[in-house]
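1. Build the 3D model from these lines:
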Amino acid sequence: MTVIGLDDTDSREGGMCTTYVAVRVAEAVREAGGRVDDLLLVRLNPAVRHKTRGNAALAVHTDLDADVAFDLARRELDRFAVADDPRTSPGLVVAEGDPAAVRDEIADFARRAVRGHHSIADAVALSDAVGYRHRGWKEGRGRIGALAAVGAEAAFDDWTYEHISYRTLDRCGTPREVDAESVFAAADEGYPAVWDTVDRGEGEAVCVPHTPCPILYGVRGDDPDAVRAVADGIEGEPVERTALFRTNQGTDAHLRRGTLDPSADGPDPDGRAADGDGADSEPVPVEDGGAYRLTGTVSTAPETRPGGHVFLALSADGRELRCVAFEPTKHFRDRVRALRPGDRVTVCGEVREGTLKLEKFAVRDLVRTELATPECPDCGRSMKSAGRDQGYRCRRCGTRADGREAVPLDRDLDLGWYEVPPCARRHIAKPLVRGGFDAAVHPER
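-> Numbering: from 1, shown residues only. Sure thing, here's the model as predicted:
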């Protein structure tokens with residue numbers, strides 16, 4: 001077996017897509033007489049500053065000889081990578097051997113690439129140490145993702161699928177011709193095995209990108225046959241080629257169990273992802289550039305600031321963490337606004353500049369009462385303060401009360417998980433419809 005890993009071949013402005021380059025590599029493998037056993041699409045840490053767009057690395061699993069595979073992959077990258085973009089820095093790594101049986105340090109490298117950070121030097125040194133062939137264009141930063149893609153099979157065990165349909169390259173940069181009605185109809189047929197195809201609340205076909213890349217639409221889900229069927233039901237401009245990818249999209253592979261205690265020292269800070277209530281892993285200190293799952297108590301009332309962003313503070317481990325639901329998360333912000341101090345919640349998201357960007361949250365416990373000025377039992381009017389430490393008195397009837405009384409609150413939230421809508425979902429974030437959560441779910445579709 002041989003694994004071809006590649007990354008960082010696309011451009012925000014110039015188009016192209018690393019998945020497309022991987023498909024062309026796979027086609028070159030077949031033309032050379034090789035067999036393609038799998039195509040992996042691996043989303044890396046979404047907080048990395050050097051990413052081009054979706055921070056995806058690709059792997060092609062084949063039976064082709066490693067030297068032949070390296071030469072043909074290098075040729076296809078020379079042909080299709082957008083190397084003249086200043087942000088693009090392609091990389092290629094080719095490994096000989098079973099992708100499920102790579103050395104532990106390669107699997108660890110892949111996990112850290114999804115949940116932490118690496119340098120180019122890390123990737124080059126490790127590739128050399130294990131004898132992998134590699135090449136970088138310009139700085140060769142893409143070797144980080146390429147090596148992570150090589151180790152992904154051994155590093156992760158939760159996989160989903162994406163069926164991508166590509167347009168002809170001469171159409172790239174022009175408006176896509178996709179029949180929206182057919183997209184929504186196909187999405188209904190495939191749901192819930194196929195998810196995030198559309199956003200019904202916003203009336204948006206989220207499977208259709210808006211960038212100048214070759215992707216016409218990409219359909220995601222848990223079943224390969226189901227994503228193919230939904231893709232086949234979409235009408236639009238001619239499709240040049242298609243490909244099915246196995247991927248870590250929609251898995252929450254980026255999340256670690258977090259703590260606000262800076263002295264905590266988990267044994268494997270970039271190892272296992274947070275799962276369920278995180279009981280299977282030691283918490284790690286929350287730091288900028290990582291994504292976490294963290295349980296605490298709402299300590300400030302939600303505040304809507306200019307731009308429509310909603311902020312609140314979460315208290316945990318004797319410290320506070322600011323959380324935000326940005327305007328693009330749309331009506332998810334109403335769920336955040338419905339929280340109040342004292343509610344116990346679990347939050348998930350990336351931390352940047354000391355602020356957690358909410359991807360989803362679970363309501364664990366709600367404040368159900370609040371203290372209010374008592375009402376007179378005789379006339380129903382609000383009592384007035386009778387003086388400091390003297391309770392309350394009805395000025396009309398003379399009745400008294402010792403202090404404020406607890407009254408029920410009407411809460412517009414239920415216990416369980418809430419998420420951003422599909423139009424705002426990160427590639428790697430797990431949709432609630434996939435299941436496996438530790439409380440009731442309230443999915444968006």
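
2. Okay, domains of the chain per the record?
-> The chain resolves into domains spanning 2-155, 160-247, 255-367+411-442, 369-408 when parsed by automatic domain parsing.

3. could those domains be laid out in TSV, adding mean pLDDT?
-> Formatted as TSV, these follow (pLDDT from 0 to 100):
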stretch	mean pLDDT
domain 2-155	93
domain 160-247	97
domain 255-367+411-442	91
domain 369-408	88
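
4. As TSV, these with mean neighbour count would be great.
-> C-beta coordinates here come from the backbone N, C-alpha and C atoms, glycine included. Converted to TSV, those look like this (neighbours: other Cβ atoms under 10 Å):
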stretch	mean neighbour count
domain 2-155	21
domain 160-247	19
domain 255-367+411-442	18
domain 369-408	13
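
5. what's the helix or strand for the closest residue to Asp7 other than its chain neighbours?
-> Spatial nearest neighbour of Asp7, chain neighbours left out: Gly145 (2.9 Å); criterion: Cβ to Cβ, 6 or more residues apart in numbering. In this structure, Gly145 is located in helix 142-155 according to DSSP states H and E.

6. which helices and strands does that helix pack with?
-> Counting contacts by 3 or more Cβ pairs under 8 Å, 6 or more residues apart in numbering; DSSP states H and E, helix 142-155 is packed against strand 2-7, strand 36-43, strand 56-62, strand 91-96, helix 104-115, helix 120-130, strand 133-136.

7. could you redo the ones you listed as a markdown table and give each row distance to Leu321?
-> Output for the helices and strands packed on helix 142-155, formatted as a markdown table (distance: least, Cβ to Cβ, whole Å):
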| stretch | distance to Leu321 |
| --- | --- |
| strand 2-7 | 32 |
| strand 36-43 | 24 |
| strand 56-62 | 29 |
| strand 91-96 | 35 |
| helix 104-115 | 18 |
| helix 120-130 | 29 |
| strand 133-136 | 37 |
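
8. Between those, which one is closest to Glu370.
-> helix 104-115 (39.9 Å; Cβ to Cβ).

9. Output that closest one as CSV - backbone C-alpha positions only.
-> Extracted in CSV, the C-alpha atoms of helix 104-115 (Å, rounded to 0.1, in the frame of the first residue of the first chain):
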residue,chain,number,x,y,z
ASP,A,104,2.3,6.1,16.5
GLU,A,105,4.1,9.4,16.0
ILE,A,106,2.4,9.8,12.6
ALA,A,107,-1.0,9.2,14.1
ASP,A,108,-0.2,11.6,16.9
PHE,A,109,0.9,14.2,14.4
ALA,A,110,-2.5,13.9,12.6
ARG,A,111,-4.4,14.3,15.9
ARG,A,112,-2.4,17.4,16.8
ALA,A,113,-2.9,18.9,13.3
VAL,A,114,-6.6,18.8,13.9
ARG,A,115,-6.6,19.9,17.6
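
10. Contacts for it next, please.
-> 42-45, 57, 95, 118, 122-123, 126, 130, 144-145, 147-152, 154-156, 248, 253-256, 270-271, 273, 290-291, 428 (Cβ atoms under 8 Å, 6 or more residues apart in numbering).

11. switch to 7 Å and redo it
-> Here helix 104-115 makes contact (Cβ atoms under 7 Å, 6 or more residues apart in numbering) with 44-45, 118, 126, 130, 144-145, 147-148, 150-152, 154-155, 253-254, 256, 270-271, 290.

12. Please apply the same query to stretch 26-42.
-> 19, 22, 56-64, 68-69, 72, 76, 148-149, 152-153, 162, 243-248.

13. how about 8 Å then?
-> Contacts of stretch 26-42 (Cβ under 8 Å, 6+ apart): 1, 4, 19, 22-23, 56-64, 68-69, 72-73, 75-76, 99, 110, 114, 145, 148-149, 152-153, 162, 243-249.

14. What of stretch 165-185?
-> 15, 20, 23, 197-198, 200, 205, 207-209, 212-218, 231, 233-243.

15. Go through these and flag which are in strands.
-> With DSSP state E as the criterion, strands contain Ile215, Leu216, Tyr217, Gly218, Arg241, Thr242, Ala243 from among those.

16. so is Val68 in a helix, a strand, or just coil?
-> helix (DSSP: H, G, I helix; E, B strand; the rest coil).

17. so what's it up against?
-> Applying Cβ under 8 Å, 6+ apart, the residues near Val68 are Ala32, Gly34.
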